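> Fold the following for me, if possible:
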Amino acid sequence: MVFSEKQEALVKDSWEVMKQNIPEFSLRFFTLILEIAPAAKNLFSFLKDTDEIPQNNPKLKTHAVKVFKMTCESAIQLREKGEVVVSETTLKYLGSVHLQKGVIDPHFEVVKEALLRTVREAAGEKWNEEMKGAWGEAYDQLATAIKAEMKAHSSSQL
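Sure thing, here's the model as predicted:
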């Protein structure tokens with residue numbers, strides 16, 4: 001799998017646009033997650049006990065930015081190294097947290113769908129199949145790394 005310079009540029013450019021309005025896109029991202037999978041709200045501590053998505057919750061924004069940013073970093077690494085390299089500490093943490101919360105494979109698909117729709121809205125008329133493919137691939141590779149860590153973590157718990 002070769003991740004091209006163009007794919008990397010597509011991800012980086014749209015991330016630059018999103019960075020200009022993080023609060024709005026963070027909120028949109030979580031709104032979409034819950035539209036796609038209402039039950040997912042129980043997986044997030046900041047959504048669990050509320051009926052609406054908290055407009056100004058710093059945790060919501062932080063979580064959304066992490067997803068956006070790590071996916072963007074994945075794109076850069078895929079181009080430079082041909083694989084996603086997340087620091088071991090970060091990966092171990094992500095693996096154990098996702099495992100603890102009961103995250104399963106279909107949840108990663110929900111997040112991917114919400115991410116792609118959020119980027120599409122941010123990119124506006126610049127959005128195209130190529131941009132969708134670049135973000136999708138970068139996210140898939142990141143999700144694969146997290147899932148592998150979750151597996152490793154769960155077998156070390158036995």
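> Okay, and the residue nearest the centre of the chain sits in which element?
The central residue of the chain, meaning the one whose C-alpha is nearest the mean C-alpha position (Cα atoms, centre = their mean), is Val67 at 3.4 Å. According to DSSP states H and E, Val67 maps onto helix 58-81.
> Please enumerate residues in contact with that helix?
Applying Cβ atoms under 8 Å, 6 or more residues apart in numbering, the set of residues contacting helix 58-81 from outside is 1, 3-5, 7-8, 11-12, 15, 18, 22-23, 25-27, 29-30, 44-47, 53-54, 83-86, 111, 115, 134-135, 137-139, 141-142. Every residue, glycine included, has its C-beta placed from N, CA and C.
> Please list only the buried members of those residues.
For the contacts of helix 58-81, burial is judged from neighbour counts taken by 16 or more other Cβ atoms under 10 Å, and it is met by 3, 7-8, 11, 15, 18, 25-27, 29-30, 44, 46-47, 53, 84, 86, 111, 115, 134-135, 137-139, 141-142.
> now Val2, what's its secondary structure?
Three-state assignment for Val2 (DSSP: H, G, I helix; E, B strand; the rest coil): coil.
> Not counting its neighbours along the chain, what's nearest it?
Nearest residue to Val2 in three dimensions, chain neighbours excluded: Gly82, at 7.4 Å (Cβ to Cβ, 6 or more residues apart in numbering).
> wait, doesn't that neighbour sit right on Gln141?
No. Judged on Cβ atoms under 8 Å, Gly82 makes no contact with Gln141 at a distance of 10.0 Å.
> between the helix or strand bottoming out on mean pLDDT in the chain and helix 58-81, how many degrees?
Taking mean pLDDT, DSSP states H and E as the measure, the helix or strand of the chain with the lowest value is helix 88-100, at a mean of 85. Our comparison of helix 88-100 with helix 58-81, counting by axes from the mean of the first three to the mean of the last three Cα atoms, to 10 degrees, yields an angle of 130 degrees.
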